[in-house]
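Chemist: Prediction below, plus the sequence it came from.
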Amino acid sequence: MSRIARSISRRLYHPNALEHQAKFPLFPLTYGSDSLQYKVLNNTLKNHVPEHGFNERAIVASLNELELGSSVLSALGSDNSPSFLNVAPSVLELVKFHLVTKRYAITQELDSELANSDTATYNAPALKTLFQRRLELNKPVAPHLSQLLSILSIPGEFLVKSALPELHRLSDDMVYYSNETDSPDFAWYSKRVAISSAFVSSELFMAQDKSPDYGQTFEFAAEKLDRVTRLGQYYTNTEEYLWYTLLMSINLAKSQLTRC
(Lines give C-alpha, C1' and ligand atoms only; values in the text may rest on other atoms or scores of the structure.)
Protein backbone atom coordinates (compact mmCIF):
# COMPACT_ATOMS: atom_id res chain seq x y z
CA MET A 1 0.00 0.00 0.00
CA SER A 2 1.38 3.43 -0.91
CA ARG A 3 2.03 6.11 1.70
CA ILE A 4 -0.84 8.22 0.39
CA ALA A 5 -3.25 5.31 0.46
CA ARG A 6 -2.09 4.40 3.96
CA SER A 7 -2.50 7.99 5.06
CA ILE A 8 -6.02 8.21 3.72
CA SER A 9 -6.95 4.94 5.37
CA ARG A 10 -5.59 5.95 8.76
CA ARG A 11 -5.69 9.72 9.15
CA LEU A 12 -8.30 11.58 7.18
CA TYR A 13 -11.10 11.23 9.69
CA HIS A 14 -11.14 14.92 10.42
CA PRO A 15 -11.62 17.95 8.13
CA ASN A 16 -8.11 19.02 7.18
CA ALA A 17 -7.65 19.93 3.53
CA LEU A 18 -4.02 20.88 4.07
CA GLU A 19 -2.89 17.53 5.48
CA HIS A 20 -1.03 16.53 2.31
CA GLN A 21 -0.76 19.99 0.79
CA ALA A 22 1.49 21.82 3.20
CA LYS A 23 3.39 24.55 1.35
CA PHE A 24 6.30 24.44 3.78
CA PRO A 25 8.13 21.26 4.84
CA LEU A 26 7.85 22.20 8.52
CA PHE A 27 4.18 23.17 8.47
CA PRO A 28 2.82 25.22 10.21
CA LEU A 29 6.14 27.13 10.25
CA THR A 30 6.19 29.55 7.33
CA TYR A 31 9.87 29.00 6.51
CA GLY A 32 12.15 26.11 5.66
CA SER A 33 15.34 24.78 7.22
CA ASP A 34 17.50 26.84 4.82
CA SER A 35 16.01 30.16 5.95
CA LEU A 36 17.50 32.81 8.22
CA GLN A 37 14.61 32.40 10.65
CA TYR A 38 15.32 28.71 11.05
CA LYS A 39 19.06 29.33 11.50
CA VAL A 40 18.50 31.90 14.26
CA LEU A 41 15.79 30.00 16.12
CA ASN A 42 17.55 26.65 15.88
CA ASN A 43 20.74 28.17 17.27
CA THR A 44 18.73 29.90 20.01
CA LEU A 45 16.98 26.70 21.04
CA LYS A 46 20.14 24.59 21.07
CA ASN A 47 22.68 26.99 22.53
CA HIS A 48 20.89 29.70 24.51
CA VAL A 49 17.47 28.56 25.72
CA PRO A 50 19.08 25.98 28.06
CA GLU A 51 20.85 28.91 29.77
CA HIS A 52 18.43 31.82 29.45
CA GLY A 53 15.02 30.23 28.90
CA PHE A 54 12.32 31.09 26.38
CA ASN A 55 12.79 34.84 26.21
CA GLU A 56 14.24 37.64 24.10
CA ARG A 57 17.56 37.47 25.95
CA ALA A 58 18.16 34.01 24.47
CA ILE A 59 17.32 35.25 20.98
CA VAL A 60 19.55 38.31 21.29
CA ALA A 61 22.41 36.09 22.50
CA SER A 62 21.93 33.95 19.41
CA LEU A 63 21.89 36.96 17.11
CA ASN A 64 25.13 38.19 18.67
CA GLU A 65 26.75 34.79 18.28
CA LEU A 66 25.70 34.65 14.62
CA GLU A 67 26.84 38.27 14.14
CA LEU A 68 23.41 39.42 13.01
CA GLY A 69 21.83 42.79 13.70
CA SER A 70 19.06 43.35 16.22
CA SER A 71 16.70 44.26 13.37
CA VAL A 72 16.29 40.54 12.71
CA LEU A 73 14.51 40.25 16.06
CA SER A 74 11.46 42.16 14.85
CA ALA A 75 11.17 40.00 11.73
CA LEU A 76 11.27 36.65 13.56
CA GLY A 77 7.78 36.84 14.99
CA SER A 78 6.08 38.81 12.24
CA ASP A 79 3.24 36.24 12.01
CA ASN A 80 2.40 36.45 15.72
CA SER A 81 0.44 39.00 17.71
CA PRO A 82 1.89 39.98 21.10
CA SER A 83 0.11 38.37 24.03
CA PHE A 84 -1.75 40.61 26.44
CA LEU A 85 0.87 39.69 29.06
CA ASN A 86 3.53 41.27 26.82
CA VAL A 87 5.17 38.12 25.52
CA ALA A 88 7.03 39.35 22.42
CA PRO A 89 6.09 37.95 18.97
CA SER A 90 9.68 36.71 18.52
CA VAL A 91 9.42 34.69 21.76
CA LEU A 92 6.11 33.22 20.64
CA GLU A 93 7.80 32.16 17.40
CA LEU A 94 10.61 30.55 19.40
CA VAL A 95 8.05 28.57 21.41
CA LYS A 96 6.25 27.53 18.21
CA PHE A 97 9.58 26.53 16.67
CA HIS A 98 10.31 24.31 19.68
CA LEU A 99 6.93 22.60 19.49
CA VAL A 100 7.02 22.01 15.73
CA THR A 101 10.63 20.88 15.34
CA LYS A 102 10.41 18.49 18.29
CA ARG A 103 7.24 16.99 16.84
CA TYR A 104 8.96 16.38 13.53
CA ALA A 105 12.05 15.03 15.28
CA ILE A 106 10.25 12.05 16.81
CA THR A 107 8.85 10.91 13.46
CA GLN A 108 11.48 11.90 10.90
CA GLU A 109 13.08 8.47 10.61
CA LEU A 110 9.70 6.73 10.84
CA ASP A 111 8.35 8.91 8.05
CA SER A 112 11.18 7.79 5.75
CA GLU A 113 10.64 4.16 6.73
CA LEU A 114 6.90 4.41 6.16
CA ALA A 115 7.35 6.02 2.76
CA ASN A 116 9.50 3.09 1.62
CA SER A 117 7.41 0.27 3.04
CA ASP A 118 3.90 -1.07 3.08
CA THR A 119 1.56 -1.94 5.92
CA ALA A 120 2.98 -5.45 6.26
CA THR A 121 6.64 -4.43 6.56
CA TYR A 122 6.38 -1.20 8.55
CA ASN A 123 7.65 -1.89 12.07
CA ALA A 124 5.55 0.54 14.05
CA PRO A 125 6.77 1.48 17.55
CA ALA A 126 4.50 1.50 20.58
CA LEU A 127 2.62 4.68 21.44
CA LYS A 128 4.45 4.71 24.78
CA THR A 129 7.80 4.73 22.94
CA LEU A 130 6.93 7.82 20.91
CA PHE A 131 5.35 9.53 23.93
CA GLN A 132 8.51 9.09 26.00
CA ARG A 133 10.75 9.93 23.04
CA ARG A 134 9.05 13.31 22.85
CA LEU A 135 9.56 13.88 26.58
CA GLU A 136 13.25 12.97 26.16
CA LEU A 137 13.61 15.90 23.77
CA ASN A 138 12.55 18.23 26.58
CA LYS A 139 15.57 17.41 28.74
CA PRO A 140 17.85 20.25 27.51
CA VAL A 141 15.15 22.82 28.30
CA ALA A 142 13.52 21.06 31.25
CA PRO A 143 14.55 23.77 33.77
CA HIS A 144 12.52 26.23 31.68
CA LEU A 145 9.40 24.13 31.07
CA SER A 146 7.57 26.17 33.70
CA GLN A 147 8.12 29.26 31.63
CA LEU A 148 7.20 27.44 28.42
CA LEU A 149 3.92 26.08 29.81
CA SER A 150 3.07 29.46 31.25
CA ILE A 151 3.43 31.06 27.80
CA LEU A 152 1.40 28.29 26.17
CA SER A 153 -1.45 28.66 28.65
CA ILE A 154 -1.99 32.40 28.18
CA PRO A 155 -5.52 32.85 26.79
CA GLY A 156 -5.48 34.48 23.38
CA GLU A 157 -4.70 34.06 19.70
CA PHE A 158 -1.49 32.08 20.21
CA LEU A 159 -3.23 29.51 22.42
CA VAL A 160 -6.06 29.02 19.93
CA LYS A 161 -4.12 29.18 16.66
CA SER A 162 -0.76 27.66 17.63
CA ALA A 163 -0.52 25.97 21.02
CA LEU A 164 -3.66 23.80 21.00
CA PRO A 165 -3.46 22.86 17.28
CA GLU A 166 0.19 21.87 17.66
CA LEU A 167 -0.62 19.77 20.71
CA HIS A 168 -3.31 18.06 18.65
CA ARG A 169 -0.87 17.43 15.78
CA LEU A 170 1.59 15.86 18.20
CA SER A 171 -1.03 13.44 19.52
CA ASP A 172 -2.19 12.72 15.98
CA ASP A 173 1.35 11.91 14.81
CA MET A 174 2.08 9.70 17.81
CA VAL A 175 -1.02 7.61 17.12
CA TYR A 176 -0.48 7.55 13.35
CA TYR A 177 3.13 6.34 13.49
CA SER A 178 2.61 3.90 16.37
CA ASN A 179 1.02 0.47 16.48
CA GLU A 180 -1.95 1.90 18.35
CA THR A 181 -5.30 0.75 16.97
CA ASP A 182 -7.24 3.64 15.49
CA SER A 183 -10.90 4.20 14.75
CA PRO A 184 -12.66 6.35 12.11
CA ASP A 185 -15.37 7.74 14.37
CA PHE A 186 -15.89 9.90 17.46
CA ALA A 187 -13.19 7.91 19.29
CA TRP A 188 -10.63 9.43 16.87
CA TYR A 189 -11.09 12.84 18.48
CA SER A 190 -11.50 11.50 21.99
CA LYS A 191 -8.28 9.51 21.88
CA ARG A 192 -6.18 12.45 20.74
CA VAL A 193 -7.61 14.83 23.32
CA ALA A 194 -6.91 12.29 26.06
CA ILE A 195 -3.32 11.80 24.86
CA SER A 196 -2.86 15.58 24.65
CA SER A 197 -4.05 15.92 28.24
CA ALA A 198 -1.64 13.18 29.33
CA PHE A 199 1.24 14.97 27.61
CA VAL A 200 0.43 18.34 29.19
CA SER A 201 0.27 16.65 32.60
CA SER A 202 3.62 14.96 32.00
CA GLU A 203 5.29 18.22 30.99
CA LEU A 204 3.87 19.90 34.08
CA PHE A 205 5.30 17.09 36.21
CA MET A 206 8.67 17.34 34.41
CA ALA A 207 8.80 21.09 35.08
CA GLN A 208 8.94 20.34 38.82
CA ASP A 209 10.82 17.02 38.75
CA LYS A 210 14.14 16.97 40.65
CA SER A 211 14.81 13.24 40.31
CA PRO A 212 18.00 12.01 38.54
CA ASP A 213 17.62 12.23 34.75
CA TYR A 214 13.90 12.97 35.26
CA GLY A 215 13.22 9.35 36.11
CA GLN A 216 10.05 10.13 38.04
CA THR A 217 8.67 12.04 35.05
CA PHE A 218 8.94 9.00 32.82
CA GLU A 219 7.33 6.80 35.46
CA PHE A 220 4.51 9.32 35.77
CA ALA A 221 4.12 9.54 31.98
CA ALA A 222 4.00 5.76 31.59
CA GLU A 223 1.34 5.46 34.27
CA LYS A 224 -0.69 8.32 32.79
CA LEU A 225 -0.58 6.91 29.28
CA ASP A 226 -1.30 3.39 30.48
CA ARG A 227 -4.38 4.65 32.30
CA VAL A 228 -5.63 6.28 29.11
CA THR A 229 -5.08 3.23 26.90
CA ARG A 230 -5.80 0.41 29.37
CA LEU A 231 -9.01 1.87 30.74
CA GLY A 232 -10.12 3.27 27.41
CA GLN A 233 -10.84 6.66 28.88
CA TYR A 234 -10.84 8.26 25.45
CA TYR A 235 -13.97 6.31 24.53
CA THR A 236 -16.08 7.68 27.39
CA ASN A 237 -17.92 10.90 28.16
CA THR A 238 -18.64 13.64 25.67
CA GLU A 239 -16.52 15.73 23.35
CA GLU A 240 -17.29 18.82 25.41
CA TYR A 241 -16.04 17.15 28.58
CA LEU A 242 -12.82 16.02 26.89
CA TRP A 243 -12.04 19.49 25.62
CA TYR A 244 -12.90 20.82 29.05
CA THR A 245 -10.39 18.38 30.54
CA LEU A 246 -7.68 19.53 28.13
CA LEU A 247 -8.26 23.20 28.81
CA MET A 248 -8.39 22.55 32.55
CA SER A 249 -5.03 20.76 32.30
CA ILE A 250 -3.49 23.83 30.67
CA ASN A 251 -5.11 26.19 33.15
CA LEU A 252 -3.85 23.97 35.97
CA ALA A 253 -0.36 24.29 34.55
CA LYS A 254 -0.69 28.05 34.54
CA SER A 255 -2.00 28.24 38.11
CA GLN A 256 0.68 25.87 39.41
CA LEU A 257 3.48 27.72 37.62
CA THR A 258 2.50 31.06 39.10
CA ARG A 259 3.35 29.57 42.51
CA CYS A 260 6.86 28.51 41.44
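Modeler: All right, it came through fine.

Chemist: Only C-alpha atoms from now on, for both contacts and neighbour counts.
Modeler: Will do.

Chemist: just the strands in the stretch 151-260 of the chain please.
Modeler: Applying DSSP state E, counting those that start in this stretch to the stretch 151-260 of the chain gives no strands.

Chemist: Below-threshold pLDDT in it: ranges please.
Modeler: For the stretch 151-260 of the chain, the stretches with pLDDT under 70 are 182-187, 230-260.

Chemist: One more pass at 90, please.
Modeler: 151-161, 163-164, 168, 172, 175-198, 200-201, 204, 224-260 (pLDDT under 90).

Chemist: all helices in it, in order from the N-terminus.
Modeler: Along the stretch 151-260 of the chain, the segments classed as helices by DSSP state H, counting those that start in this stretch run 157-158, 164-177, 186-208, 215-230, 239-257.

Chemist: I'd say Lys102 and Leu135 touch.
Modeler: No: Lys102 is beyond contact range of Leu135, at 9.5 Å (criterion: CA atoms under 8 Å).

Chemist: burial of Leu85, as a residue count?
Modeler: 10 (other CA atoms under 10 Å).

Chemist: Check the gap between it and Gln147 for me.
Modeler: 13 Å (CA to CA, to the nearest Å).

Chemist: In the chain, where's the longest helix?
Modeler: Criterion DSSP state H: the longest helix present in the chain is helix 89-115.

Chemist: for that helix, packing partners?
Modeler: For helix 89-115, the packing partners by 3 or more CA pairs under 8 Å, 6 or more residues apart in numbering; DSSP states H and E come out as helix 36-47, helix 56-65, helix 71-76, helix 127-136, helix 164-177.

Chemist: With mean neighbour count and distance to Trp188 added, can I get the ones you listed in a markdown table?
Modeler: Formatted as a markdown table, those follow (neighbours: other CA atoms under 10 Å; distance: least, CA to CA, whole Å):
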| stretch | mean neighbour count | distance to Trp188 |
| --- | --- | --- |
| helix 36-47 | 19 | 33 |
| helix 56-65 | 19 | 38 |
| helix 71-76 | 15 | 35 |
| helix 127-136 | 19 | 15 |
| helix 164-177 | 20 | 9 |
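
Chemist: need the least confident one among those, by mean pLDDT.
Modeler: Ranked by mean pLDDT, the helices and strands packed on helix 89-115 bottom out at helix 71-76, which scores a mean of 86.

Chemist: For it, name the packing helices and strands.
Modeler: helix 56-65, helix 89-115.

Chemist: Tell me what angle the longest helix of the chain forms with helix 127-136.
Modeler: Orientation check (axes from the mean of the first three to the mean of the last three CA atoms, to 10 degrees): helix 89-115 against helix 127-136 gives 150 degrees.

Chemist: Indicate which one of the helices and strands packed on helix 89-115 is closest to Gln108.
Modeler: Among the helices and strands packed on helix 89-115, the nearest to Gln108 by CA to CA is helix 164-177 (10.4 Å).

Chemist: Flag the shaky bits of the stretch 1-150 of the chain, pLDDT-wise.
Modeler: In the stretch 1-150 of the chain (pLDDT under 90), the answer is 1-27, 30, 69-88, 107-125, 146, 149-150.

Chemist: can you pull the contacts of Ala207?
Modeler: Ala142, Pro143, His144, Leu145, Ser146 (CA atoms under 8 Å, 6 or more residues apart in numbering).

Chemist: Let's see that with 7 Å instead.
Modeler: Ala142, Pro143, Leu145, Ser146 (CA atoms under 7 Å, 6 or more residues apart in numbering).

Chemist: what's around the first one, how many residues?
Modeler: The number of residues packed around Ala142, counting by other CA under 10 Å, is 21.
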